[in-house]
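A.B. asks: Structure of the sequence below:
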Amino acid sequence: MTIDNGKSVINHKILKRTVIILYLAFLVLSLAANIIKFPLLGMTKTTWLIIATLIFLIILLIPIVLNYQYIFFSDEGNMLIFRYYSTGLMPGNKNSVEIEKKSFSGFTIDLSLFGLIQSITLYQRMKEGVAKYPPIHISALNPREREEIIKTLTSYAPRVKGKKRS
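C.D. replies: Predicted coordinates:
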């Protein structure tokens, strides 16, 4: 099974760029060029500016607050493969975790911010003990993709550790 949320990451980038263009166009047309005449729909220039700025900030900050990441997951062959990177304003480092299925020790699902931020921490048996990998944030995946990854990891794990944080 392979899961790749590249399309949703591209959609987020398109939305982000569209919002930036629309916000800048609104600022130019209303403040700099004074083409839009106020009051508009019974609201003042200040009210429209506050509303536009709030919408702009919400759309830009949601992926940052919820730690959206591009995720590629594959369990084909004898390896579990995760490739991921952050998709916020500044894309993060590209990371890869490859674990042999026979040395996979388990995983934890961490929830925070009332369950909106979800991450998976992977564990691997090594000669020195159990290695713990950095969390992989799965908030950007749709519920079906999250469930498939959890189901797949559960089938390979000797036991599943579950802890919730809020």
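
A.B. asks: In this structure, where is pLDDT below threshold?
C.D. replies: Counting by pLDDT under 70, the low-confidence segments of the chain come to 91, 159-166.

A.B. asks: State the phi and psi torsions of the residue nearest the centre of it.
C.D. replies: The structure's the chain has its C-alpha centroid closest to Tyr68; by C-alpha atoms, centre = their mean the separation is 1.4 Å. Note on Tyr68: its backbone torsions stand at phi -60, psi 140 [degrees, to the nearest 10].

A.B. asks: Pull out the buried positions in stretch 18-26.
C.D. replies: Burial within stretch 18-26, assessed by neighbour count using 16 or more other C-beta atoms under 10 Å, is assigned to 19, 23, 26. From N, CA and C alone the C-beta is placed, and that goes for glycine too.

A.B. asks: Repeat that for stretch 89-97.
C.D. replies: Val97.

A.B. asks: Strands of this protein, residue ranges please.
C.D. replies: 2-4, 69-74, 79-86, 95-100, 104-112, 117-126, 129-132, 136-137 (DSSP state E).

A.B. asks: List the contacts of Ile150.
C.D. replies: Ile150 makes contact with 109, 120, according to C-beta atoms under 8 Å, 6 or more residues apart in numbering.

A.B. asks: quick one: it and Glu128, what's the gap?
C.D. replies: Relative to Glu128, Ile150 is positioned 27 Å away (criterion: C-beta to C-beta, to the nearest Å).

A.B. asks: again, but for Ser139
C.D. replies: As it turns out, when the distance is counted by C-beta to C-beta, Ser139 lies 32 Å from Glu128.

A.B. asks: So between these two, which is more surrounded?
C.D. replies: More crowded of Ser139 and Glu128, by other C-beta atoms under 10 Å: Ser139, with 21 against 6.

A.B. asks: nearest spatial neighbour of the more buried one, skipping sequence neighbours?
C.D. replies: Counting by C-beta to C-beta, 6 or more residues apart in numbering, Ser139 lies nearest to Leu66, which is 4.5 Å off, once chain neighbours are set aside.
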